[in-house]
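Enquirer: Whatever this is, show me its structure:
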Amino acid sequence: MPTLEERAGLHAALGDPVRLAVVDALSLGDLGVEELRGITGVEGNLLAHHLGVLEDAGLVRRRPSEGDRRRRYVSLRPESLAGLVASPVLEAGRVLFVCVHNSARSQYAASLWSEMTGRRGLSAGTRPAETVHPLAVKAAAQLGIDLSRAVPKGYDRIDPPPDLVVSVCDRAWESGNRFNARRLHWSVPDPVARGDPSAFLGSFREITARMERLIQATGRPPTPNRTISRPPRQGAPTVAAELSTEDKFLLRQAAVRLQERFKGKLNTETIERFMTDSLDQLMEKATTTTWIVLLAERFASERLRALVRLQTNPTLLNPSVLFLCVHNAGRSQMAAGYMRLLSGGKVDVFTGGSEPAEDINQTAAQAMLEKGINIRGEIPQPWSDEIVRSADVVVTMGCGDACPIYPGKRYVDWEVDDPAGRTLEEIRPIRDHLEQRVRGLLADLEIETVW
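Expert: Model (predicted):
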């Protein structure tokens, strides 16, 4: 979680109408300084100042064009926004992804669109190559996309025309608009120019992150609503075999992200096993698969984080606290939010519930937001053996006999009213009670609060 100073800097950077207009304009694609001048009406040094403020706050980045080196493109860093700006809405039927040679980036983007939406993605090049680059085929396969049969083609092969054209290279963007369609630009580095496998993986992962935002803007989430009936669990997990094509792709992407996150700490087999097992546990009580892979990834990440703690010399670790309640949607999440903020990151925080809810208690989240703590993005989840064993202190709130009891653990039971079904005015005293409880626990742990 960002520090108080970092959060203040973020709000300050977005507090100017010109800078907020820039961020809105970059929500789905990259723009050059010239385009931003036209959108904002701000010229020269003043626009450069605004872009510098946004860059210093970590909201945007600037990099030179790989085509016209006199141009610089500005890209948004969406992970820094945490829901602070409006989500764009975009109508898109036929989507065309373009680059110069149609041999790597645009081929991957079109296939990814098809895989994630179930709708055909188109690709083309201004000067198409004879074949797709072999390293592009290999890198795409690592990410679950098959380009082995893909063939580069030119614009003349696109009929009927697209509704949206997304250029994934600077040269294609700078060549102009060949179609009467809306255009977006993604300034993705050319992996062919570098010629090594890591460049292809890096460019493809950037496209994947941008694709998720594009799909959300069209109003069609990557994982459609549907129900799955499954037989009772027997032996090894079988969930992966029952998932849809979209969910299987998302599962592969999640495993890749976890491997990057825990690189050098846990081996690939362990990560994949925990990912599959986490998915299996969540599916046992799921009525739909909406966002099930995302939930499983978050649960697996917490379990793997706990596993790393168990495998690390205790003298090298921060103390850890696990907050437990019934639904993991109110009290435990509120307490965890306070602990992360007040400890300044000096405590490893975990949460869990005996019967996890589908979503965070939004009224409780609103109450916490009044104190500058955002828990809206948290996801209720169960606890696991690794998480409980890794905790130095287990704080229970209303889960009674359902709370796990492990010998040798320090347990603290807090009598705190359940915020479920209460109004904002009724939750505020619960919130303030939890703050005092957390401050007292930090004092017991001999950790100074940041405020």
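Enquirer: give me the number of residues near residue 339?
Expert: Residue 339: 25 surrounding residues under other CB atoms under 10 Å. C-beta: built from backbone N, CA, C; applies to glycine.
Enquirer: Enumerate every residue touching residue 256.
Expert: 142, 143, 205 (CB atoms under 8 Å, 6 or more residues apart in numbering).
Enquirer: For these, which entry has the maximal number of neighbours?
Expert: residue 143 (20 neighbours).
Enquirer: Apart from its neighbours in sequence, what residue is nearest it?
Expert: residue 204 (5.8 Å; CB to CB, 6 or more residues apart in numbering).
Enquirer: pLDDT score for that neighbour?
Expert: pLDDT recorded at residue 204 is 91.
Enquirer: State the helix or strand in which it lies.
Expert: helix 197-217 (DSSP states H and E).
Enquirer: CA atoms of that helix as CSV?
Expert: Extracted C-alpha coordinates of helix 197-217, given in CSV (Å, rounded to 0.1, in the frame of the first residue of the first chain):
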residue,chain,number,x,y,z
PRO,A,197,13.0,-14.1,-26.4
SER,A,198,12.6,-11.8,-23.4
ALA,A,199,11.7,-8.9,-25.6
PHE,A,200,8.9,-10.8,-27.2
LEU,A,201,7.5,-11.9,-23.8
GLY,A,202,7.8,-8.3,-22.5
SER,A,203,5.9,-6.8,-25.4
PHE,A,204,3.3,-9.5,-25.3
ARG,A,205,2.7,-9.0,-21.6
GLU,A,206,2.3,-5.3,-22.1
ILE,A,207,-0.3,-6.0,-24.8
THR,A,208,-2.1,-8.4,-22.4
ALA,A,209,-2.4,-5.8,-19.7
ARG,A,210,-3.7,-3.2,-22.2
MET,A,211,-6.2,-5.7,-23.7
GLU,A,212,-7.9,-6.3,-20.3
ARG,A,213,-8.6,-2.6,-20.1
LEU,A,214,-9.9,-2.4,-23.7
ILE,A,215,-12.2,-5.4,-23.1
GLN,A,216,-13.6,-3.8,-19.9
ALA,A,217,-14.2,-0.6,-21.8
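Enquirer: May I see the buried residues of it?
Expert: Residues 199-208, 210-217 are the ones in helix 197-217 that count as buried (16 or more other CB atoms under 10 Å).
Enquirer: how about low-confidence regions in the stretch 101-250 of the chain?
Expert: The stretch 101-250 of the chain contains residues with pLDDT under 70 at 219-242, 244-246.
Enquirer: check contacts around residue 361.
Expert: 327, 329, 330, 333, 419, 420.
Enquirer: count of residues packed around the last one?
Expert: The local packing of residue 420 (other CB under 10 Å) involves 16 other residues.
Enquirer: Okay, and the residue nearest to residue 207 when sequence neighbours are not counted sits in which element?
Expert: Distances taken as CB to CB, 6+ apart put residue 109 closest to residue 207, at 5.1 Å, once the chain neighbours are dropped. Secondary structure from DSSP H and E places residue 109 in helix 105-117.
Enquirer: Run the angle between the next helix or strand after that helix and helix 197-217 for me.
Expert: Going down the chain from helix 105-117, the next helix or strand is strand 121-125, by DSSP H and E. Computed by axes from the mean of the first three to the mean of the last three CA atoms, to 10 degrees, the angle separating strand 121-125 from helix 197-217 equals 130 degrees.
Enquirer: all helices of the stretch 351-451 of the chain, in order?
Expert: 362-369, 385-390, 424-444 (DSSP state H, counting those that start in this stretch).
Enquirer: Which other helices and strands does the last one contact?
Expert: Applying 3 or more CB pairs under 8 Å, 6 or more residues apart in numbering; DSSP states H and E, one finds that helix 424-444 contacts helix 331-343, helix 362-369.
Enquirer: Just put these in JSON lines and tack on mean pLDDT.
Expert: Below are those laid out as JSON lines (pLDDT from 0 to 100):
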{"stretch": "helix 331-343", "mean pLDDT": "96"}
{"stretch": "helix 362-369", "mean pLDDT": "94"}
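Enquirer: hey, which of the ones you listed is tucked in deepest?
Expert: Counting by mean count of other CB atoms under 10 Å, helix 331-343 has the highest mean neighbour count of the helices and strands packed on helix 424-444, with a mean of 26.
Enquirer: Look at residue 295 and give its secondary structure.
Expert: For residue 295, the assignment made with DSSP: H, G, I helix; E, B strand; the rest coil gives helix.
Enquirer: And it, how far from residue 383?
Expert: 15 Å (CB to CB, to the nearest Å).
Enquirer: swap in residue 39?
Expert: 48 Å.
Enquirer: Ok, residue 209 next?
Expert: Residue 209 is 30 Å from residue 383, where distance means CB to CB.
Enquirer: coming back round to it: neighbour count: residue 39 and residue 383, which is higher?
Expert: residue 383 (27 against 14).
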